[in-house]
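Colleague: Pasted the sequence and its predicted model underneath.
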Amino acid sequence: MPSMASSVILPDASFKSQPPLNVHKKYLDLSSVKELPETHAWTSSKLDDEETCDAENVPIIDLNDENAIELIGRACRTWGVFQVINHNIPKSLLDEIEFEGKKLFSLPMQQKLRAARSPDGVSGYGVARISSFFSKLMWSEGFTILGSVSEHARLLWPNDYNKFCDTIEEYQKAMKRLAGRLMWLMLGSLGITEDDDLKWAAQKEPDDQGGSAALQLNSYPSCPDPDRAMGLAAHTDSTILTILHQSNTSGLQVAREGRAGWVTVPPLAGALVVHVGDLLHILSNGLYPSVVHRAVVNRTRHRLSVAYLYGPPSSVKISPLRKLVDKYHPPLYRPITWSEYLGTKAKHFDKALTSVRLLCAPRNGFVDTSNDHTSSTVQLVG
Ligand SMILES: C=C1C[C@]23C[C@@]1(O)CC[C@H]2[C@@]12CCC[C@@](C)(C(=O)O1)[C@H]2[C@@H]3C(=O)O
Ligand SMILES: O=C(O)CCC(=O)C(=O)O
Ligand SMILES: [Fe+2]
């Protein structure tokens with residue numbers, strides 16, 4: 001039987017300002033479990049619904065390549081994800097954040113729970129927020145940082161939190177710069193320039209980028225039965241873009257737009273993974289799919305990932321960019337702020353994009369929804 005000695009019952013934390021969907025969740029010390037508990041055993045249909053297929057690789061793009069914009073455009077249209085190299089984030093900073101992440105997750109459970117996410121909060125330690133949509137628990141733990149990190153770090157290490165905070169802050173600053181740069185490359189590949197309708201994003205100074213962001217540290221302990229466990233269930237990110245650093249153990253898998261199967265994104269030393277998020281899908285009027293992805297786990301190796309979830313200032317309305325809309329390409333989504341969208345995601349999860357979708361009616365009464373990852377059908381408009 002699995003050891004349940006260190007499990008603790010705590011209220012679930014959902015997305016901010018949403019009522020908690022599951023009131024109680026088990027916080028199990030996964031690293032001490034010798035056999036997969038039923039609470040974490042996913043049915044095989046959930047895991048193997050499609051065979052994994054690694055025949056094609058997620059594009060790797062050198063940011064110093066003179067064709068970077070075109071390559072990024074192609075990757076965004078066909079995959080919604082790519083890896084970047086020569087991004088100027090020092091390897092030492094990636095190593096440091098990994099070291100600090102491992103230090104955090106290796107703390108005793110009781111200590112981590114001091115910094116548990118509050119029921120209506122975003123920041124802090126906890127199970128995957130999307131857990132409430134699934135009947136089984138995921139084989140992972142997370143730590144979310146929104147804004148200042150010291151409040152929660154102080155709870156973890158009352159006398160010694162400076163090094164952790166300094167590393168997080170340096171990482172946030174470097175990621176903010178890179179996210180702004182990547183966003184403009186991705187928009188540039190759609191023909192959008194700083195003169196177009198994105199005032200909040202106009203890059204005054206590289207360090208003075210208008211967006212906001214959350215940092216998510218994910219830990220996936222080694223698992224006694226990885227084929228029946230799920231690290232992080234399939235989802236899209238509710239962002240403009242996400243920059244993901246994964247440790248040297250594979251686990252990230254992506255679904256390629258319009259194809260069956262999961263493709264593993266191999267960890268490549270020093271490379272960072274970039275996801276198109278739901279808000280970029282909306283801005284691009286459906287041209288760029290937000291990538292559906294998940295994390296699987298490993299029998300012998302612990303895995304860590306660090307996601308920088310980048311979006312607009314929370315109150316800015318996001319809608320399809322004017323330049324991409326005309327009488328043949330009506331806007332597919334209604335305007336929505338990031339905070340409204342997070343609320344929608346918390347309620348509708350994988351149907352969130354569809355729930356924001358406008359059913360514009362061209363003359364024949366049909367709307368092609370094939371760009372929407374949540375639907376591959378043609379809807380008849382009333
Ligand atoms: C800004 C955010 C995006 C996120 C929810 C959050 O408020 C903070 C954590 C983010 C994260 C990270 C893991 C996967 C995800 C789906 C989740 O449950 O929490 C994302 C959320 C998201 O992108 O919707
Ligand atoms: O761990 C991973 O590779 C995926 C993490 C992720 O999808 C997320 O934090 O949003
Ligand atoms: Fe994600």
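Modeller: Sure thing, it's come through. Numbers count the residues shown, from 1 in each chain. Ligands and ions are numbered 1, 2, ... in the order given.
Colleague: Please count neighbours and contacts with C-alpha atoms only from this point.
Modeller: Fine.
Colleague: which residue packs closest to Thr239, ignoring adjacent ones?
Modeller: Among residues not flanking Thr239 along the chain, Gly277 sits closest, at 4.5 Å (Cα to Cα, 6 or more residues apart in numbering).
Colleague: what's around the one you found, how many residues?
Modeller: Using other Cα atoms under 10 Å, Gly277 is surrounded by 25 other residues.
Colleague: Test my guess that it contacts Asp237.
Modeller: Yes: counting by Cα atoms under 8 Å, Asp237 is a contact partner of Gly277 at 5.0 Å.
Colleague: and the residue nearest to Thr239, what does it touch?
Modeller: Thr236, Asp237, Ser238, Thr239, Ile240, Leu241, Thr242, Pro289, Ser290, Val291 (Cα atoms under 8 Å, 6 or more residues apart in numbering).
Colleague: residue ranges of the strands in the stretch 101-250 of the chain, please?
Modeller: Ranges of strands within the stretch 101-250 of the chain are 124-126, 141-146, 212-220, 232-235, 241-246, based on DSSP state E, counting those that start in this stretch.
Colleague: Kindly report the same for the stretch 251-382 of the chain.
Modeller: Taking DSSP E, counting those that start in this stretch as the criterion, the stretch 251-382 of the chain contains strands spanning 252-255, 262-264, 272-276, 292-295, 303-311, 366-368, 378-380.
Colleague: Tell me the confidence at the residue positioned nearest the centre of the chain?
Modeller: Nearest to the mean C-alpha position of the chain, counting by Cα atoms, centre = their mean, stands Asp237 at 4.0 Å. Looking at Asp237, its pLDDT is 98.
Colleague: wait, what's in contact with it?
Modeller: The neighbourhood of Asp237, defined by Cα under 8 Å, 6+ apart, consists of His275, Val276, Gly277, Asp278, Ser290, Val291, Leu309.
Colleague: which one is the first one nearest to, not counting chain neighbours?
Modeller: Distance criterion Cα to Cα, 6+ apart; nearest residue to His275, sequence neighbours excluded, is Val81 at 4.6 Å.
Colleague: how about the nearest residue to Glu169, chain neighbours excluded?
Modeller: Take Glu169 and drop its neighbours on the chain: the residue closest to it by Cα to Cα, 6+ apart is Val149, 7.9 Å away.
Colleague: now swap in Trp139 and tell me
Modeller: In this structure, Trp139 finds its nearest non-sequential neighbour in Gly231, 4.5 Å apart by Cα to Cα, 6+ apart.
Colleague: Would you confirm that the one you found contacts His293?
Modeller: No: counting by Cα under 8 Å, Gly231 stays clear of His293, with 11.2 Å between them.
Colleague: Among those two, which residue is more densely surrounded?
Modeller: Between Gly231 and His293, Gly231 has the larger neighbour count (other Cα under 10 Å), namely 26 against 22.
Colleague: Local confidence estimate at that one?
Modeller: 98.
Colleague: okay, now Asn67: neighbour count?
Modeller: Using other Cα under 10 Å, Asn67 has 11 other residues around it.
Colleague: With Ala68 instead?
Modeller: 17.
Colleague: Now do the contacts for Gln83.
Modeller: Neighbouring residues of Gln83 by Cα under 8 Å, 6+ apart: Val58, Pro59, Ile60, Ile61, Ala271, Leu272, Val273, Val274.
Colleague: again, 7 Å this time
Modeller: By Cα atoms under 7 Å, 6 or more residues apart in numbering, the residues touching Gln83 are Pro59, Ile60, Ile61, Ala271, Leu272, Val273, Val274.
Colleague: tell me which element it falls in.
Modeller: Secondary structure from DSSP states H and E places Gln83 in strand 81-85.
Colleague: Given that strand, what are its sheet partners and their directions?
Modeller: Paired neighbours of strand 81-85 in the sheet (DSSP bridges): strand 60-62 (parallel), strand 272-276 (antiparallel).
Colleague: Dump the ones you listed into CSV; add distance to Arg357 as well.
Modeller: Shown next, in CSV, are these (distance: least, Cα to Cα, whole Å):
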stretch, distance to Arg357
strand 60-62, 31
strand 272-276, 18
